[in-house]
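Here is my input; please provide its structure:
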Amino acid sequence: MSDFRLKVFYSVAKNLSFTKASQELFVSQPAITKHIRELESLYGVRLFDRQGNKISLTGAGELLLEHCERILAEYRKLEYDMHLLQQEYAGQLRLGASTTIAQYVLPPVLARFTEKFPKMDLTLMDSNSRNIERALQEHTIDLGMVEGVFRLPDLKYEPFLCDELVPVVSAESSLAVHDELSMEEFCRVPLVLRERGSGTLDAIEMALAEHNLKLSAMNVRLHLGSTESIKSFLKYSNAMGIVSIQAIEEELKEGIFKVVDVEGLQVKRHFCFVKPQGQEESAATHFMHFLRNYLKKKQEEGEIGKSLLIAES
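Numbering: from 1, shown residues only. Prediction:
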């Protein structure tokens, strides 16, 4: 129902590329150019500065983008609310989740959500916590789920699940002979950790700070961009990783990995919903309730510990 020219402008403005907008919207590039020219003619302004193969927003383009984000958000809410009058869930919902949540928490939830609400147009951005927060600030997604310990003042965080990060080694590693290490021994162990900007690394640094330790004091051999890459690396290495317990449940059962405790070290964090302050997004709220109810059912079935699920505030 919304003016398609606004969608075209929004895509070009966000991608700063006519080609990427064409691919994103499945429209020819000449058609994209035509829609932008129509908007420029309508308002009597230039929306983009063109310098060779690069484009940038003009002042008028920045202003239109600001209004465009609000207008398109209202159209999404309108579509959702009008379908609710017929007891039908439909519309667009753009989710973003940090890597651990996207890989180990959401897959069964999304499968059931799309099965129950097939008319919902659902997309998921998978990245680290900082990038998810940035996408919310840029209005690229409607609802985020992050694992970080740092909070941005313009975003609202609602915890929904507790998580624990554990030191883990390959069962074939020389480190597997230990059940527990002292903090002094731990400082010498070669570590492979997540990258800067990940909620996992933030939580590890916070836990180390409680022991007056900095990451620079540790024997960090490598930073990798995902938990799966850490797990793959550990299978061929004598290094230790620190990952979510949810990411290694199957490997622990199969005897592939072993958790080696570190005396006095506990790394816990919350998985949180995150959205802009003051945002009232019906579809996002609906998904939040659905996820909480799914986790509650898993708790009742004994698959989630009673201390891990966080009640809705």
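
use CA for all of it now, contacts and neighbours both
Noted.

remind me, longest helix of the protein?
Assignment by DSSP state H gives helix 59-84 as the longest helix of the chain.

Show the average pLDDT along it.
For helix 59-84, the mean per-residue pLDDT is 84.

Can you check the pLDDT for the residue minimising distance to the centre of the chain?
For the chain, Ala97 is the residue whose C-alpha lies nearest the centre (Cα atoms, centre = their mean; 2.0 Å). For Ala97, the pLDDT comes out at 96.

and it, that's in a helix?
No - under DSSP: H, G, I helix; E, B strand; the rest coil, Ala97 sits outside any helix and is assigned strand.

Can you tell me the element the closest residue to Gln29 other than its chain neighbours falls in?
Using Cα to Cα, 6 or more residues apart in numbering and skipping residues adjacent in sequence, the residue nearest Gln29 is Ser22, 5.3 Å away. Assigned by DSSP states H and E, Ser22 falls within helix 18-25.

List the buried residues in that helix.
For helix 18-25, a neighbour-count test (16 or more other Cα atoms under 10 Å) marks Phe18, Thr19, Ala21, Ser22 as buried.

for stretch 239-251, same thing?
The neighbour-count check on stretch 239-251 (16+ other Cα under 10 Å) flags Ala239, Met240, Gly241, Ile242, Val243, Ser244, Ile245, Gln246, Ala247, Ile248 as buried.

Show me which pair in these is furthest apart.
The most widely separated members of those, counting by Cα to Cα, are Ala239 and Gln246 (19.9 Å).

Surely Leu47 and Leu63 touch.
No - when contacts are counted by Cα atoms under 8 Å, Leu47 is not listed as touching Leu63 (9.2 Å).

Between these two, tell me which one has more neighbours.
Remark: of Leu47 and Leu63, Leu47 carries more neighbours, 24 against 12, as counted by other Cα atoms under 10 Å.

Show me where the stretch 101-250 of the chain dips below the pLDDT cut-off.
Filtered on pLDDT under 70, the stretch 101-250 of the chain yields the residue ranges 148-149.

Can you show me the strands along it?
Remark: strands assigned in the stretch 101-250 of the chain by DSSP state E, counting those that start in this stretch are 120-127, 143-146, 155-170, 180-181, 191-194, 220-224, 240-244.

and the first one, which strands flank it?
What that stands for is strand 120-127. Strand 120-127 pairs in its sheet with strand 91-98 (parallel), by DSSP bridges.

I'd guessed the residue nearest to Gln29 sits against Ile32; true?
Yes - in this structure Ser22 lies within contact range of Ile32 using Cα under 8 Å: 6.4 Å.

From Glu66, how far off is the residue located most distally from the centre of the chain?
Distance from the centre of the chain peaks at Gly44, with 39.3 Å (Cα atoms, centre = their mean). Distance of Gly44 to Glu66, computed by Cα to Cα, to the nearest Å: 18 Å.

again, but for Lys214
Taking Cα to Cα, one finds Lys214 at 41 Å from Glu66.

Leu208 now?
For Leu208, the distance to Glu66 equals 41 Å [Cα to Cα].

now Arg37
Counting by Cα to Cα, the gap from Arg37 to Glu66 is 19 Å.

Counting neighbours, go ahead and name the busier of those two.
Between Arg37 and Glu66, counted using other Cα under 10 Å, Arg37 has the larger neighbour count: 16 against 13.

what secondary structure does the more buried one sit in?
Put simply, Arg37 is helix when judged by three-state DSSP.

Can you give me the pLDDT of it?
In this model, Arg37 carries a pLDDT of 92.

ditto for Gly305
66.

Just give me the neighbour total for Arg5.
When neighbours are counted by other Cα under 10 Å, Arg5 registers 16.

close enough to count as contact, Glu263 and His178?
No - look at Glu263 against His178 with Cα under 8 Å: they stay out of range, at 11.9 Å.

domains of this protein?
4-69, 75-161+270-300, 162-269 (automatic domain parsing).

Check which helix or strand Cys272 maps to.
Applying DSSP H and E as the criterion places Cys272 in strand 267-276.
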